[in-house]
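> below is the sequence, then the predicted model.
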Number of protein chains: 2
Amino acid sequence: MACEKLAVVLVEPQGALNIGSVCRAMLNFGIDELRLVNPQVDHLSRDARLMAVKAASVLESAKTYTCLEAALADCALSFGTTRRFGRYREDLMHPDEAARSLLPIAQHGQVALVFGREDKGLLTAELDLCQHFITIPTNEELPSMNLAQAVVVCLYEVKKVRGELVGQEHGRKKLADNAELEALYQHMRQSLVHIGYLDSQNPDHILRSFRRIFGRSGLNSREVSILRGLFNQIDLFSGQKLTRKQIREDNA
Amino acid sequence: MACEKLAVVLVEPQGALNIGSVCRAMLNFGIDELRLVNPQVDHLSRDARLMAVKAASVLESAKTYTCLEAALADCALSFGTTRRFGRYREDLMHPDEAARSLLPIAQHGQVALVFGREDKGLLTAELDLCQHFITIPTNEELPSMNLAQAVVVCLYEVKKVRGELVGQEHGRKKLADNAELEALYQHMRQSLVHIGYLDSQNPDHILRSFRRIFGRSGLNSREVSILRGLFNQIDLFSGQKLTRKQIREDNA
């Protein structure tokens, strides 16, 4: 089981089959803490157990709460899922972005992924208890996903990002840590200002594009070394350029 | 509905609820062609319709076949899902890689995503009819996913990559096309051999790492321009380096 503190919170779930399906998906992706807020069905019923299959342990250890506030009382950060783009547009994340945001925090503090009712999702007052909002990009023709399938997509992304963080993803090496990346960007800034590619008055404007490119690709330590090697070579060149003066002076 | 030719193929599905859930997930992610190979239940039953909800059209237009070979007869490429790592290890893709591979092909030819039975997946003879193999990374404690949930993960990745290709993903610009990328790598090869960063005898070894980094991040046209700008500036410098000779000659 993963070591992060991540709970799946279902608010007023109406289907026992769905609750069972959520448990199986949780165990598929290595999450075992389920919190149920005022469930509308018996979560230990035959139907729920049928869908949970080998994840009955998740079902049996689920905690129930009378309101969402109580379920989130110990949480450092809560992510609410919604399709209401208008109100929460500014903070709306796709599941992959959300996974990248929540995993580092879940190493230290409790994080919750909150899913609403099958028919009408989370209420405004419930979304207000969350700090971030997740939306799953679906087709306009049928945007509404099955509850358990929405959980699957979010937990799949959590597992994927967790794999990247510990280097299990596609047999790749562990991702470079923040200190390595900042040292790389610092090096890039100096080298590229020196050769006149970055504006020394405002180097960070273009550098931000590089941060985005490398941020999306998720550099590992070997790749950071390869890039540092490139900038070392550029430094050698821009150093040699300076020696043109020396050459002139030598030849004078 | 998306314009690519992509069909979901279920081989001997045993649960009507699952078939219905697959239809809803398909419509959630903009895919409407379902092919059923020797289904073990009535796919038009009440249970299937119950789970399909508003995707009854997918259910009703599903085609049935007596064997997988017949279902794949018109396919240019078929992706079989499996958890049998040993036999297919070399060609095993995660769903995101598979989506990137299949979408360009599905613009022109028919592509199939093939899923096996709930209890034992696809048989060896069935996998042999596929050219690529997809595995969803799950937890060792409970690796086996629900059929419909496995379909959800694959189609979610298809939708995500489709969004990147047409530039809908996170409001980003359209991805650069292959010709732009190859021109970039060509430019990089020349510039970086010139400054002695790449070995002129074997420039493609390190260049392959850059292809992987930029491939993962998915460059858009603006970002390709920014990178071309950097290599232009490096060219300027390495040109100036060449003029050291000229400087010497001038000063001789």
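Great, that's in hand. Numbering: from 1, shown residues only, chains lettered A, B, ... in the order given.

> residues of the strand or helix carrying residue A:69 that come out buried?
Using DSSP states H and E, residue A:69 sits in helix A:68-71. Under the neighbour-count criterion of 16 or more other C-beta atoms under 10 Å in any protein chain shown, helix A:68-71 has A:68, A:71 buried. To be clear about C-beta, it is placed using only N, CA and C from the backbone, and glycine gets the same treatment.

> against which helices or strands is it packed?
Using 3 or more C-beta pairs under 8 Å, 6 or more residues apart in numbering or on different chains; DSSP states H and E, the elements in contact with helix A:68-71 are strand A:6-11, strand A:33-37.

> looking at those strands, which is closest to chain B?
The minimum distance between chain B and these falls on strand A:6-11, with 13.2 Å, by C-beta to the nearest C-beta.

> contacts for the closest one next, please.
Contacting residues not belonging to strand A:6-11 are listed as A:19, A:22, A:26, A:31, A:33-39, A:68, A:71-72, A:75, A:78, A:102, A:106, A:110-117, A:122, A:126, A:147, A:151, A:155, A:158 [C-beta atoms under 8 Å, 6 or more residues apart in numbering or on different chains].

> tell me the buried residues within those residues.
The neighbour count (16+ other C-beta under 10 Å) marks A:19, A:22, A:26, A:31, A:33-37, A:39, A:68, A:71-72, A:75, A:78, A:102, A:106, A:110-117, A:122, A:126, A:147, A:151, A:155, A:158 as buried among those.

> among these, which are located in helices?
By the criterion of DSSP state H, membership of the buried ones among the contacts of strand A:6-11 in helices covers A:19, A:22, A:26, A:68, A:71, A:102, A:106, A:126, A:147, A:151, A:155, A:158.

> so which helix or strand takes in residue A:98?
Using DSSP H and E, residue A:98 sits in helix A:95-106.

> for residue A:188, which non-adjacent residue is spatially closest?
Of all residues not flanking residue A:188 in the chain, residue A:231 sits nearest, at 6.0 Å (C-beta to C-beta, 6 or more residues apart in numbering or on different chains).

> with just CA atoms, put the helix holding residue A:69 into CSV.
The C-alpha trace of helix A:68-71 is given here as CSV (Å, rounded to 0.1, in the frame of the first residue of the first chain):
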residue,chain,number,x,y,z
LEU,A,68,-18.7,16.6,4.9
GLU,A,69,-17.2,19.0,7.4
ALA,A,70,-16.7,16.2,9.9
ALA,A,71,-15.2,13.9,7.2
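
> mean confidence for it?
Across helix A:68-71, pLDDT averages out at 97.

> about what we covered before: looking at the helices and strands packed on helix A:68-71, which is closest to residue A:186?
strand A:6-11 (32.9 Å; C-beta to C-beta).

> could I get the ones in helices among the buried ones among the contacts of strand A:6-11 in CSV, plus columns for distance to residue B:58?
Formatted as CSV, these follow (distance: C-beta to C-beta, whole Å):
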residue, distance to residue B:58
A:19, 25
A:22, 24
A:26, 27
A:68, 34
A:71, 36
A:102, 33
A:106, 37
A:126, 32
A:147, 20
A:151, 22
A:155, 25
A:158, 29
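
> what's the domain layout of chain A?
Using automatic domain parsing, the domain parsing of chain A gives A:6-171, A:178-251.

> so for residue B:48, which of the ones you listed sits nearest?
For these, the distance to residue B:48 is smallest for domain A:6-171, at 13.7 Å, taking C-beta to C-beta.

> how far does the closest one sit from its chain's centre?
Its chain's C-alpha centre and that of domain A:6-171 lie 13 Å apart, by C-alpha atoms, centre = their mean, to the nearest Å.

> then stretch A:180-199?
With C-alpha atoms, centre = their mean as the basis, stretch A:180-199 stands 27 Å off its chain's centre.

> buried residues in that stretch, which are they?
By neighbour count on 16+ other C-beta under 10 Å, the buried set for stretch A:180-199 is A:181, A:184-185, A:187-189, A:191-195, A:197-198.

> out of those residues, who's nearest residue B:45?
Ranked by distance to residue B:45 (C-beta to C-beta), these are led by residue A:181 at 54.2 Å.

> where does pLDDT dip in chain A?
Judged by pLDDT under 70, chain A has its weakly predicted residues at A:1-3, A:85, A:87-91, A:166-173, A:240-252.

> enumerate the residues of the stretch 1-150 of chain A near chain B.
For the stretch 1-150 of chain A, the residues in contact with chain B (C-beta under 8 Å from any C-beta of the partner chain) are A:1, A:17, A:21, A:24-25, A:27-30, A:51, A:53-55, A:94, A:96-97, A:136-139, A:141-146, A:148-149.
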